[in-house]
Every structure is written in structure tokens, then in C-alpha cells.
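Trainee: One predicted model, sequence on top.
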Amino acid sequence: MKSKTPDIKEVQTALDEIIRDDRRAVETVANVRALFKPGEAKRSPLDLKQTMLDVEKVLRADAMTKGISLKLKLPNHLPIILADKTALIQAVINLVINAFDSITEAVDGSREVEVDVTQPDPACVRVGIKDTGKGIDPSIADKLFEPFVTTKAEGLGMGLVIVRSIINQHGGDLRVFSNQSRGATFEFTLPAQSAES
């Protein structure tokens, strides 16, 4: 049987995607290392609204595969902030993937994750990631942001530590609380410092 001649354009597209993913991975690792070396995080003017749309685009396929409804609520206007884009994206993706995992582990009920971005006052923006998953395990609720604390069989217990470090380095604060109905909400605030200031 004669083998099919590969499509050069398809091969080139695949290679371009691999190179892009590799660069993104290298940049992410460098930013995680920078978390533990104060003063090395690179901040630049960041369009928070577009950044959240980029995150949604990255996670859309994963949500569909897992049968999860991923909703993004954005106001018409958000301020330009000063931030390390790669690190901030990594933090939000980590929180959303955790929400996906929580829903996957829940036995029944709705399967929804809502990312809600608001500006409660001119000085800050708030990002909330709300899920309908299994909720917070009471046995680790007060240790959730400590290293090596996890309920996942294959988890290292470092994801939330890294997320909190990223948010703290940006002058923000990360909190978690149980929802009234089911699931949990992780919420963080960031200073709404404009690029001009």
C-alpha cells in the first residue's frame, strides 16, 4: 500500500503551532521563576478585557470536551492596567482549570463556570471564577493556599500558591468562598492603575 504524500502546508502549520506553544511554555516557566525573585516581573500596559477574551479562547475547546458551559461576563469598559501579561493569564487559566476539575469530580448537577470581571470602584478591578463543582473540602479550607496542600490524586499542591504569588505581586488579593447553592468562587482584585500613571 502506497503511503499518502504529506500536505506541506499542514506540516508547516503544525510546526508553527509547536514553535508558538514552545515559546509560550518557555515564557511561562521564566515568569514562574521570576515569582520567587522579587523585582524581575516585567509589567507593561495591559488591555484586561482583551486578555480575558484570549483566556476564554484558549479554554473554550477544553470546556466543550468536558461538557462544561464556560461563560465570560465583561463590562463594556475596563481600564488599561500595568501587569505581566503571561503571569496574569497563567493565574486565570489555573483558576479556571481548577474549576473544571471540581465540576468533573462532582457526580451530578449543572456544569457551569462563570468568569465575571467588574470594576467596583475606580481604584480596582475584580475577577471572579465561579463554578458549580464539588465545593471546598472543609478539611483543607483554611490551608488552601499553603504549599503541597491538595485533594487531587495527581496534584502537587502548588497551583494556588503560584496563583496567589502572581496576584500578590500585582498588588492584588486572592480569596475563596463557598457558593450558597453549590461550588466555589475564587476571586481576586487588582489595582486599576492606568498605563499613564
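Mentor: Everything's here; your move.
Trainee: Show the average pLDDT along whichever strand or helix holds Asn98.
Mentor: Per DSSP states H and E: Asn98 is located in helix 85-105. Regarding helix 85-105, the rounded mean pLDDT is 91.
Trainee: Flag every buried residue along that helix.
Mentor: 85-96, 98-103 (16 or more other Cβ atoms under 10 Å). In this view, the C-beta of every residue, glycine as well, is placed from N, C-alpha and C.
Trainee: Please compute how far it lies from its chain's middle.
Mentor: Relative to its parent chain, helix 85-105 has a centroid offset of 4 Å by Cα atoms, centre = their mean, to the nearest Å.
Trainee: what about Ala184, neighbour count?
Mentor: 22 (other Cβ atoms under 10 Å).
Trainee: Offset the numbering so it begins at 158, please.
Mentor: Okay, using 158 as the starting number, the last item reads as Ala341.
Trainee: Identify the spatial nearest neighbour of it, chain neighbours not counted.
Mentor: Ile293 (5.1 Å; Cβ to Cβ, 6 or more residues apart in numbering).
Trainee: Any idea how many residues pack against the one you found?
Mentor: So Ile293, with other Cβ under 10 Å, has 19 neighbours.
Trainee: SS state for it?
Mentor: coil (DSSP: H, G, I helix; E, B strand; the rest coil).
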